[in-house]
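> what's the 3D shape of this:
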Amino acid sequence: MGTVALAAKITHVPSMYLSELPGARQGTRQDAIDGHVEIGRRCRALGVDTIVVFDTHWLVNAGYHVNCAPHFKGLYTSNELPHFISNMPFEFPGNPALGRILARSANDMGVETLAHDATTLDPEYGTLVPMRYMNTDQHFKVVSVSAMCTVHYLNDSARLGWAMRRAVEQHYDGTVAFFASGSLSHRFAQNGLAPEYAFKIWSPFLEQLDHKVVEMWQAGQWQDFCAMLPEYAPKGHGEGFMHDTAMLLGLLGWSAYDAPAEIITPYFGASGTGQINAVFPVTPQDGHAIPKAVASAADGYTSVATRL
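Next up is the predicted model:
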């Protein structure tokens, strides 16, 4: 039925917003903004009607969650970096029907997921910053998925991604793009050193590790990368424990994925963290490499739906 037309790993650094404003940072993130504009252009060319964002700034402590309200509008100030993003306006339509389909498919595959279509919850800036540059005309509907997962299994996140692909392909009449919105290494500069590291990576180790990962992506070494992801996530300070990346790779077939990544915005440093915009071509997959569900297979597990 439906089509997953585009998948990408994208940056959402708040200095992109600063880059618009008068001051010392004006224009300094134009390459990242241009990357977002290009990805948005490709989505339009492919006929995408909805963008689903795996958002590493939406922190959750139980289950997976889908924000699929019918419309989003407001002024956003970042609670962690209010001097970077303050009173940033946003508005775009949501897609409640798709959000419910995504959650149902994940639950059917043993990954507990709740859809929130009647909510006052606004998206976080992992969704809002990309949409500012990809969706200025509100062309796309937007669904946000929690990807700062504090007590979750990477295998479950991969399985969630595959479930959402199946949901689109089997139960949705439309064309969808999926974005993993998060950095590679995410070790912020120590307090007091942020200005010095505005365009740098925190440590040579993390920078070299990130470069190796990007090389693996470009070479299509997905079996090796998926095998190392559980160790790379903590040791490489991966943003959101790399759950957004696990979701994206699950959607693409996990370790059976077979296409090289295309770099749109080359790797760059931001406040100590490692950032990139990269498109991952969607290829035919049968799901044989998708990990089994973990949390729902545990002794004593009961669905949250039975406890609310």
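
> what does stretch 24-38 rub up against?
With contact meaning Cβ atoms under 8 Å, 6 or more residues apart in numbering, stretch 24-38 is reached by 10-11, 13, 15-16, 18-20, 130, 133-134, 198-199, 264-266, 268, 270, 275, 277. To be clear about C-beta, it is placed using only N, CA and C from the backbone, and glycine gets the same treatment.

> sec struct for the residue lying closest to K73 once chain neighbours are set aside, please.
Leaving out its chain neighbours, the residue that sits closest to K73 by Cβ to Cβ, 6 or more residues apart in numbering is E91, at 4.2 Å. Assigned state for E91: strand (three-state reduction, DSSP: H, G, I helix; E, B strand; the rest coil).

> contacting residues for E91?
Contacts for E91 (Cβ under 8 Å, 6+ apart) come out as H71, F72, K73, G74, Q138.

> ok now the longest helix along the chain, how far from the chain's centre?
Criterion DSSP state H: the longest helix present in the chain is helix 154-171. Relative to its chain's centre, helix 154-171 lies at 14 Å (Cα atoms, centre = their mean, to the nearest Å).

> and for stretch 19-37?
Taking Cα atoms, centre = their mean, one finds stretch 19-37 lying 21 Å from the centre of the chain it belongs to.

> show me what counts as buried in the longest helix of the chain.
Across helix 154-171, burial judged by 16 or more other Cβ atoms under 10 Å covers 154-168, 171.

> closest to H65 out of the contacts of E91?
Proximity of the contacts of E91 to H65 was ranked by Cβ to Cβ; the top entry is F72 with 15.2 Å.

> need the contact list for that closest one.
F90, E91, F92, P93, G94, D122, P123, V142.

> for I51, see how far away the residue nearest to the fifth one when sequence neighbours are not counted is.
What it means is G94. Nearest non-adjacent residue to G94, counting by Cβ to Cβ, 6+ apart: A69, 4.7 Å away. Distance, A69 to I51, by Cβ to Cβ, to the nearest Å: 15 Å.

> higher neighbour count, those two?
For A69 versus I51, the count of surrounding residues by other Cβ atoms under 10 Å is larger for I51: 27 against 21.

> my understanding was that that one contacts M134; is that so?
Yes. The pair I51 / M134 is scored as a contact, 7.2 Å apart, by Cβ atoms under 8 Å.

> residues in contact with both of these two, list them for me.
C43, F140.

> returning to that earlier point: elements contacting the longest helix of the chain?
For helix 154-171, the elements it packs on are strand 3-10, strand 64-67, helix 96-108, strand 141-149, strand 175-181, helix 222-235, helix 243-252, judged by 3 or more Cβ pairs under 8 Å, 6 or more residues apart in numbering; DSSP states H and E.

> make a markdown table out of these and add mean neighbour count and mean pLDDT.
Rendered in a markdown table, the data for the helices and strands packed on helix 154-171 read as follows (neighbours: other Cβ atoms under 10 Å; pLDDT from 0 to 100):
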| stretch | mean neighbour count | mean pLDDT |
| --- | --- | --- |
| strand 3-10 | 23 | 98 |
| strand 64-67 | 24 | 98 |
| helix 96-108 | 22 | 98 |
| strand 141-149 | 28 | 98 |
| strand 175-181 | 27 | 99 |
| helix 222-235 | 16 | 97 |
| helix 243-252 | 29 | 98 |
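
> quick one: which of the ones you listed is nearest N79?
Nearest of those (Cβ to Cβ): strand 141-149, 12.9 Å.

> roughly how far does R41 sit from A97?
26 Å.

> let me fix that, I meant to ask about S185.
The value you get for S185 to A97, if Cβ to Cβ is used, is 37 Å.

> again, but for P82
P82 is 35 Å from A97, by Cβ to Cβ.

> G161 contacts D244, doesn't it?
No. With contact defined as Cβ under 8 Å, G161 does not count as touching D244 (9.3 Å).

> shared neighbours, the two?
F54.

> hey, what's the residue most central in space within the chain bridged with?
By Cα atoms, centre = their mean, the chain has its centre lying nearest to A180, at 2.2 Å. Note on A180: beta-bridge partners by DSSP bridges are K9, F54.
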